[in-house]
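Enquirer: need a structure here:
(one chain, ligands or ions: 1)
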Amino acid sequence: MIELRPDPAFVRPPARGARSLPPIDLDGVRIEVPVIVAPMSGVTDLPFRELARRLGAGLVVSEMIASWAMIHENAATLRMAEVAQEGGPNAVQLAGCEPDAMAQAARIAVDRGADLIDINFGCPVKKVAVGQMAGSALMRDETLAGSLLEAVVRAVRVPVTLKMRMGWDHQSLNAPRLARIAEESGIRMVSVHGRTRQQFYTGTADWSFVGQVKQATSLPVVVNGDITSVQAAQQALAQSGADGVMIGRGCYGRPWFPAQVAALLTGGVPMPDPDLASEKAIVLEHYRAMLTHFGRQAGSRIARKHVSWYSAGLSGSAGFRAAVNRLDDADAAMAMISDFYERQVALGIGRAPRATQQTGQEATAMSEAA
Ligand SMILES: Cc1cc2nc3c(=O)[nH]c(=O)nc-3n(C[C@H](O)[C@H](O)[C@H](O)COP(=O)(O)O)c2cc1C
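Expert: The predicted model follows:
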């Protein structure tokens, strides 16, 4: 087991603008450190959530779960909604547009261990937002949005939270109004991705706009979008006045990144990246957990993107990725990962700064694929 501790050599006073982040209390569920791993289809499966949580993230949210698939107890869906046995709180995110179906799906998720239900008003993908009138499309129908939120709140005894964008487009920036509707419906916390649906993942996240949501409601507000460094987390909090941060793509290949943000924002203590020997242990632990969760064949295939993200910026990583992604045998892949990292340690070169963010197109393609 790898413990990430602040390296005393890096300890210095909190940077200007840093502030300590108090816990968020949601009526019985306490988020001790409000640095949250964002729900990401195809990424925040149980192995990833367990790893990020163990390394120090304050809360982890499942991939978006379609309410109709949950109700039909689709096997793959139930696996996506699985939560950790220990080390909660665990949030399960639901998507859908029918209040009764969402309520029923929420009850199933809670019966299966969810400590929190999060509702998706943010998904921009055409199949969801246009085909099913779910995700970000709900931001265009405030009456339906209110009924749906109320139905889910009434259905479960755990706190219900909402994740949304700024609005459908820049002509309809209604997140502040929806936050008030959410508050009246009994929602306990809102997270806001500082983009509109029409932006998908292009442009930059508008953290100041999230401040307008904060002004509109007395609920805890979490700022999301483009937080890929501890400095960005500080700026997002300073510009929005939010109560917590939510990190998505910044966690790619860095499940320890939320812990680094948490260390700085709660104690003013910068935490260095793990050294490459520790990173090797984390990658292999993650890989094994994927095999256990998904089965050896599917697990080794699904693990490929993570292995690619981890190895980015290391010497010879392009060749390594091409070779390891060709392997069907999980033991052979783990041996190659191990050799690759040992060579890095022996070379002692370290990592080139990595591009922590994909382009909007890549992100959209990924969520379309998920
Ligand atoms: C591959 C991928 C999958 C995503 N899946 C979901 C999802 O299931 N539910 C959701 O609310 N948002 C989803 N999102 C949006 C993220 O939660 C987050 O709001 C967005 O990526 C902006 O944050 P970031 O810049 O920190 O990544 C997804 C994003 C990506 C890149």
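Enquirer: all strands of this structure, in order?
Expert: With DSSP state E as the criterion, the chain has strands at 24-26, 29-31, 35-37, 59-66, 90-95, 116-121, 160-165, 189-193, 221-224, 244-247.
Enquirer: Tell me what the closest residue to D25 other than its chain neighbours is bridged to.
Expert: Once flanking residues are discounted, D25 sits nearest to I31: 7.9 Å by C-beta to C-beta, 6 or more residues apart in numbering. Placement of C-beta: from N, CA and C, glycine included. Residues in a beta bridge with I31, per DSSP bridges, are I24.
Enquirer: mind giving me TSV with the strands of the chain and columns for distance to the ligand?
Expert: Listed next are these as TSV, based on distance: least, C-beta to the nearest ligand atom, whole Å:
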stretch	distance to the ligand
strand 24-26	18
strand 29-31	17
strand 35-37	9
strand 59-66	3
strand 90-95	6
strand 116-121	5
strand 160-165	5
strand 189-193	4
strand 221-224	5
strand 244-247	5
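Enquirer: could these go into JSON lines alongside mean neighbour count?
Expert: Compiled in JSON lines, the strands of the chain are given as follows (neighbours: other C-beta atoms under 10 Å):
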{"stretch": "strand 24-26", "mean neighbour count": "19"}
{"stretch": "strand 29-31", "mean neighbour count": "18"}
{"stretch": "strand 35-37", "mean neighbour count": "28"}
{"stretch": "strand 59-66", "mean neighbour count": "26"}
{"stretch": "strand 90-95", "mean neighbour count": "28"}
{"stretch": "strand 116-121", "mean neighbour count": "27"}
{"stretch": "strand 160-165", "mean neighbour count": "27"}
{"stretch": "strand 189-193", "mean neighbour count": "29"}
{"stretch": "strand 221-224", "mean neighbour count": "28"}
{"stretch": "strand 244-247", "mean neighbour count": "26"}
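Enquirer: residues in contact with A57?
Expert: Under the criterion of C-beta atoms under 8 Å, 6 or more residues apart in numbering, the neighbours of A57 are 33, 35-37, 255, 258-259, 262.
Enquirer: For L291, state which of those residues is nearest.
Expert: P255 (16.9 Å; C-beta to C-beta).
Enquirer: you'd agree that closest one is up against G56?
Expert: No: checked against C-beta atoms under 8 Å, the pair P255 and G56 is beyond contact range at 9.3 Å.
Enquirer: More neighbours: those two, which one.
Expert: Each of P255 and G56 has its neighbours counted (other C-beta atoms under 10 Å); P255 has more, 28 against 19.
Enquirer: How much space separates that one from the ligand?
Expert: 14 Å (C-beta to the nearest ligand atom, to the nearest Å).
Enquirer: measure that residue to G241 for me?
Expert: Distance, P255 to G241, using C-beta to C-beta, to the nearest Å: 28 Å.
Enquirer: ditto for G186
Expert: Using C-beta to C-beta, we find G186 at a distance of 23 Å from G241.
Enquirer: still on that earlier bit, for the contacts of A57, work out which two are farthest apart.
Expert: Spanning the widest gap among the contacts of A57 are V33 and P255, at 15.0 Å by C-beta to C-beta.
Enquirer: Now do the domain split for this structure, please.
Expert: Structurally, the chain divides into domains by automatic domain parsing as follows: 2-271, 276-347.
Enquirer: OK, contacts around A259?
Expert: 4, 35, 55-57, 271.
Enquirer: got those residues as CSV, with distance to I349 and pLDDT columns?
Expert: Shown next, in CSV, are the contacts of A259 (distance: C-beta to C-beta, whole Å; pLDDT from 0 to 100):
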residue, distance to I349, pLDDT
L4, 22, 57
V35, 30, 98
L55, 24, 96
G56, 27, 95
A57, 29, 96
M271, 22, 91
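Enquirer: count of neighbours near G87?
Expert: Neighbour count for G87, taken as other C-beta under 10 Å: 12.
Enquirer: residues near the nearest residue to it once chain neighbours are set aside, how many?
Expert: The shortest distance from G87 to any non-neighbouring residue, by C-beta to C-beta, 6+ apart, is to R53 (5.3 Å). R53 has 22 neighbours, counted by other C-beta under 10 Å.
Enquirer: and R53, what does it touch?
Expert: 37, 59-60, 84, 87.
Enquirer: let's see 10 Å
Expert: Residues in contact with R53 (C-beta atoms under 10 Å, 6 or more residues apart in numbering) are 37, 59-60, 84, 86-90, 255, 258-259.
Enquirer: same thing with G248?
Expert: Contacts for G248 (C-beta under 10 Å, 6+ apart) come out as 36-40, 43-44, 61, 193, 201, 224-228, 357, 363.
Enquirer: List only those of those residues flagged as buried.
Expert: Buried members of these, counted by 16 or more other C-beta atoms under 10 Å: 36-40, 43-44, 61, 193, 201, 224-228, 357, 363.
Enquirer: Spell out which residues of the stretch 1-150 of the chain are next to the ligand.
Expert: Within reach of the ligand by C-beta under 6 Å from any ligand atom, the stretch 1-150 of the chain has these residues: 38-43, 63-64, 93, 120, 122-123.
Enquirer: And the pLDDT for the residue lying closest to R154 once chain neighbours are set aside?
Expert: Spatial nearest neighbour of R154, excluding adjacent residues (C-beta to C-beta, 6+ apart): A103 at 7.0 Å. pLDDT recorded at A103 is 98.
Enquirer: try V128
Expert: pLDDT at V128 comes out at 80.
Enquirer: ditto for the one 4 residues further on
Expert: pLDDT for Q132: 80.
Enquirer: how close does it sit to the ligand?
Expert: For Q132, the distance to the ligand equals 14 Å [C-beta to the nearest ligand atom].
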